[in-house]
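1. Next comes the sequence, and after it the predicted model I'd like to discuss.
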Amino acid sequence: MNCLAYSSIIYEEYLALIIGEISYKNKKYILFLLTI
């Protein structure tokens, strides 16, 4: 049970990292479009 909960926490952190990375790239892309 503890092992499963621990892996799900890691999974959520990893997912948040991926989502954060995507949103960061989108922000850079939007800023790039605004500067043109």
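-> Done, it's in.
2. residues in contact with residue 5?
-> If you count contacts by CB atoms under 8 Å, 6 or more residues apart in numbering, residue 5 has none. Backbone N, C-alpha and C define where each C-beta goes, glycine included.
3. In terms of helices and strands, where is it?
-> helix 2-35 (DSSP states H and E).
4. Just give me how far that helix sits from the chain centre.
-> Offset of helix 2-35 from its chain centre (CA atoms, centre = their mean, to the nearest Å): 0 Å.
5. so where's this protein shaky on pLDDT?
-> 1-2 (pLDDT under 70).
6. Starting from residue 32, give me the distance back to residue 13.
-> Separation of residue 13 from residue 32 (CB to CB, to the nearest Å): 29 Å.
7. Need the CA coordinates for stretch 17-35. PDB is fine.
-> Provided in PDB are the C-alpha atoms of stretch 17-35 (Å, rounded to 0.1, in the frame of the first residue of the first chain):
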ATOM      1  CA  LEU A  17       6.500  18.600 -14.300                       C
ATOM      2  CA  ILE A  18       5.400  17.600 -17.900                       C
ATOM      3  CA  ILE A  19       2.400  19.900 -17.700                       C
ATOM      4  CA  GLY A  20       4.500  22.700 -16.400                       C
ATOM      5  CA  GLU A  21       7.100  22.200 -19.100                       C
ATOM      6  CA  ILE A  22       4.300  22.300 -21.800                       C
ATOM      7  CA  SER A  23       2.800  25.500 -20.300                       C
ATOM      8  CA  TYR A  24       6.200  27.100 -20.100                       C
ATOM      9  CA  LYS A  25       6.900  26.400 -23.800                       C
ATOM     10  CA  ASN A  26       3.400  27.700 -24.700                       C
ATOM     11  CA  LYS A  27       4.200  30.900 -22.800                       C
ATOM     12  CA  LYS A  28       7.400  31.400 -24.600                       C
ATOM     13  CA  TYR A  29       5.600  30.800 -27.900                       C
ATOM     14  CA  ILE A  30       2.900  33.300 -27.100                       C
ATOM     15  CA  LEU A  31       5.600  35.900 -26.100                       C
ATOM     16  CA  PHE A  32       7.400  35.100 -29.300                       C
ATOM     17  CA  LEU A  33       4.200  35.800 -31.300                       C
ATOM     18  CA  LEU A  34       3.600  39.000 -29.400                       C
ATOM     19  CA  THR A  35       7.000  40.400 -30.200                       C
END
